[in-house]
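K.L.:
build the 3D model from these lines:
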Amino acid sequence: MATVINGTTGVSLIQDGVIALADLSATGTASSSTFLRGDNSWAAAGGGLTHLGTLTTTSGTTQSLAAQNFSLYDQIWIISDNVSSGGSADYQVGLNGDAVINTSAAVPAASGTWAWFRIDLRTNVFFQTWLQSTATTSGSGTFDNLPTTGGYYNLGTNYRAVTSGAITIAMEGQTFDAGSAEIYGVS
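P.N.:
Numbering: from 1, shown residues only. Predicted structure coming up:
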């Protein structure tokens with residue numbers, strides 16, 4: 001039963017150490033490396049970079065990272081290493097099944113793609129920091145798809161309202177055949 005604090009009952013009537021962690025409605029996980037933030041969520045002290053997972057892009061048309069608690073992060077970073085598919089396609093990034101974000105240029109078939117995408121969960125901005133691809137997925141090649149713009153305001157998805165969900169990548173319906181993508185949360 002809740003204790004009501006008003007003009008006739010004071011804070012001094014609540015005994016020290018009687019409110020348990022289980023009585024809090026905080027999100028996230030309490031541990032020796034987290035603290036309770038002002039927005040009632042557990043977070044790592046001092047912010048930083050958290051590795052959320054690796055997506056192996058050697059098969060399939062879409063790769064997904066299981067649902068994440070986005071309220072713990074200010075940004076999501078997706079760093080791609082040699083991602084390729086069997087056909088020419090736009091690289092696509094999705095958050096919680098919402099509108100998919102397409103890159104500014106189609107990646108040629110069988111080209112290795114190195115890219116860094118940043119989704120700002122506090123300002124609704126998606127940054128394609130860079131996207132470059134080589135003529136082949138192995139050996140040396142010429143980088144050819146450097147975008148001319150770095151940031152996009154995405155009207156299709158209100159990232160500030162997305163509190164949890166999966167992160168997906170795809171090559172516009174083509175089948176992946178090489179590479180991987182690392183997913184990070186930045187707090």
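
K.L.:
alpha carbons only for contacts and neighbour counts from here, please
P.N.:
Noted.

K.L.:
what's the local residue count around residue 38?
P.N.:
7 (other C-alpha atoms under 10 Å).

K.L.:
quick one: mean pLDDT for stretch 61-69?
P.N.:
On average, the pLDDT along stretch 61-69 is 90.

K.L.:
contacts for it?
P.N.:
Contact with stretch 61-69 is made by 28, 53-57, 96, 163-176, as judged by C-alpha atoms under 8 Å, 6 or more residues apart in numbering.

K.L.:
which ones among those residues lie within strands?
P.N.:
Counting by DSSP state E, the contacts of stretch 61-69 place 53-56, 164-170, 176 in strands.

K.L.:
most neighbours among those residues, please name it.
P.N.:
residue 170 leads these on contacts (other C-alpha under 10 Å) with 25 neighbours.

K.L.:
would you confirm that residue 76 contacts residue 187?
P.N.:
No: with contacts defined as C-alpha atoms under 8 Å, residue 76 does not count as touching residue 187, sitting 9.1 Å away.

K.L.:
out of the two, which sits in the busier spot?
P.N.:
The neighbour count for residue 76 versus residue 187, taken as other C-alpha under 10 Å, is higher for residue 76 (23 against 18).

K.L.:
which strand residues bridge the closest residue in space to the more buried one that isn't next to it in sequence?
P.N.:
Nearest residue to residue 76 in three dimensions, chain neighbours excluded: residue 185, at 4.7 Å (C-alpha to C-alpha, 6 or more residues apart in numbering). Residues in a beta bridge with residue 185, per DSSP bridges, are residue 50, residue 76.

K.L.:
do residue 165 as well
P.N.:
residue 68.

K.L.:
for the protein, give me the ranges with low pLDDT.
P.N.:
Segments of the chain classed as low confidence (criterion: pLDDT under 70) are 1-16, 45-47, 97-100, 103-106, 110, 128-157.

K.L.:
just the strands from it, written as ranges.
P.N.:
Using DSSP E, strands in the chain cover 34-36, 42-44, 49-56, 62-69, 75-85, 92-95, 101-102, 113-120, 125-133, 151-153, 164-170, 176-186.
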